[in-house]
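Student: Quick one, structure for this:
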Amino acid sequence: MDIFSQLRRLAGCAVLSLGVVAGLAAPASAESILDRVVADNKIKVGVMLNVPPFGMKSISGEPEGFDVDVAKLVAEKLGVELEIVDTTSVDRIPNLRSGKVDLIVGTFTGTPERAKVVSFSDPYVTALLAAFAVKADSGIESAADLGSKRIAVTKGTTQDLMVAPGFPDAEIMRFDTEAAALFALAQGQVDAFICDGNVLNYQATIDKSMKVIVDDKFSKLVEYQRLGVPRGDQEWLNWVNMFVFDLNATGKSYELYRKWFNADMPAPLNPRY
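Tutor: I've put the predicted structure just below:
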């Protein structure tokens with residue numbers, strides 16, 4: 001055997017050895033949440049039950065609302081039991097990362113920063129990025145009137161992260177829940193509450209002492225809100241995206257929006273640029 005034949009033989013053995021080692025070292029693929037949920041016959045969905053009409057409790061204490069209906073449809077499509085886990089804006093990401101929930105249905109707006117730690121589905125509902133709730137007799141008529149006022153935001157929301165910095169002279173007061181911020185407004189502890197337009201428009205229909213201002217500065221900014229899943233589980237994300245596609249393509253998302261808001265969704269679900 002000449003030297004070149006020997007080298008080819010040794011090289012072949014080396015490649016085979018590397019292949020065996022690589023095969024032994026390759027980790028087993030992690031079980032998808034999709035498989036576990038089906039096997040356990042249960043899905044845990046995080047919903048904010050303090051943001052009516054997205055999530056709230058009925059007189060009998062049962063969860064209800066737009067997001068609750070979406071969560072029920074998820075469980076129905078999977079053919080499993082639903083466990084709703086009450087959460088807050090600030091707890092959405094920790095609850096996903098810790099495994100406390102399998103899915104978040106909670107007016108979750110995808111951002112590049114959030115996408116570093118969790119994954120997002122396609123949009124399932126739209127909202128105006130920001131509107132202002134004030135007392136009807138406050139004299140506040142536009143964003144320009146909020147310069148040095150006390151402005152409430154909900155911790156960890158896009159309004160907190162993206163809108164509040166636009167008012168450097170205001171006193172920004174952060175609350176754990178939308179309900180707490182609305183109560184502070186009603187009690188005169190703050191002058192305005194910045195939140196997404198869906199939530200505030202609904203509140204204005206049940207509280208006539210409050211008015212909602214949609215300023216030109218923000219009126220064309222649309223939030224595309226999504227379902228949140230733990231990062232790194234592509235099979236689960238694929239199923240969730242298929243669910244969202246079906247929800248939107250059948251018109252069910254628009255139907256549920258009209259049911260709970262008594263209005264049409266403020267913008268189409270297909271993003272516009």
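Student: Low-confidence ranges, the stretch 51-200 of the chain, go.
Tutor: Within the stretch 51-200 of the chain, the set of residues satisfying pLDDT under 70 is empty.
Student: how about the helices in it?
Tutor: 66-78, 92-97, 158, 178-186, 197-206 (DSSP state H, counting those that start in this stretch).
Student: Out of those helices, flag the one nearest residue 132.
Tutor: Among the helices of the stretch 51-200 of the chain, the nearest to residue 132 by CB to CB is helix 197-206 (7.7 Å). No exception for glycine: its C-beta is placed from N, CA and C like everyone else's.
Student: which secondary structure elements does that closest one contact?
Tutor: In terms of contacts (3 or more CB pairs under 8 Å, 6 or more residues apart in numbering; DSSP states H and E), helix 197-206 is packed against strand 118-128, strand 131-135, strand 210-213, helix 252-261.
Student: Make TSV from the ones you listed and add distance to residue 51 and mean neighbour count to it.
Tutor: Output for the helices and strands packed on helix 197-206, formatted as TSV (distance: least, CB to CB, whole Å; neighbours: other CB atoms under 10 Å):
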stretch	distance to residue 51	mean neighbour count
strand 118-128	11	23
strand 131-135	13	23
strand 210-213	15	19
helix 252-261	11	16
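Student: contacting residues for the closest residue to residue 70 other than its chain neighbours?
Tutor: Using CB to CB, 6 or more residues apart in numbering and skipping residues adjacent in sequence, the residue nearest residue 70 is residue 105, 5.1 Å away. Counting by CB atoms under 8 Å, 6 or more residues apart in numbering, residue 105 makes contact with 45-47, 67, 70-71, 74, 227.
Student: 7 Å instead, please
Tutor: If you count contacts by CB atoms under 7 Å, 6 or more residues apart in numbering, residue 105 has them with 45, 47, 67, 70-71, 227.
Student: What of residue 85?
Tutor: Residue 85 sits next to 44-46, 95, 100-101 when contact means CB under 7 Å, 6+ apart.
Student: what does residue 125 give?
Tutor: With CB under 7 Å, 6+ apart, residue 125 has these contacts: 225, 253, 257, 265.
Student: Spatially nearest residue to the third one (excluding sequence neighbours)?
Tutor: Spelled out, it's residue 257. residue 265 (4.7 Å).
Student: Would you indicate which residues of the host helix or strand of residue 240 are buried?
Tutor: Per DSSP states H and E, residue 240 falls inside helix 234-249. Using 16 or more other CB atoms under 10 Å as the burial criterion, the residues of helix 234-249 that qualify are 236-237, 239-241, 243-244, 247-248.
Student: coming back round to it: got TSV for the helices and strands packed on helix 197-206, with distance to residue 271 too?
Tutor: TSV is the format used below for the helices and strands packed on helix 197-206 (distance: least, CB to CB, whole Å):
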stretch	distance to residue 271
strand 118-128	7
strand 131-135	20
strand 210-213	24
helix 252-261	14
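Student: Now the closest residue to residue 254 other than its chain neighbours: which helix or strand?
Tutor: Nearest residue to residue 254, sequence neighbours excluded (CB to CB, 6+ apart): residue 265, at 5.8 Å. Using DSSP H and E, residue 265 sits in no helix or strand.
Student: Enumerate every residue touching residue 265.
Tutor: Counted by CB under 7 Å, 6+ apart, residue 265 has contacts 125-126, 254, 257.
Student: Export those to CSV and append columns for distance to residue 55.
Tutor: Formatted as CSV, the contacts of residue 265 follow (distance: CB to CB, whole Å):
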residue, distance to residue 55
125, 12
126, 17
254, 19
257, 14
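Student: Out of those residues, which two are the most distant from each other?
Tutor: The most widely separated members of the contacts of residue 265 are 126 and 254, with 10.3 Å between them, by CB to CB.
Student: which of the contacts of residue 105 tops the neighbour count?
Tutor: residue 67 (31 neighbours; other CB atoms under 10 Å).
Student: Looks like that residue contacts residue 104 (just checking).
Tutor: No. With contact defined as CB atoms under 7 Å, residue 67 does not reach residue 104; the gap is 9.3 Å.
Student: Alright, calling it a day.
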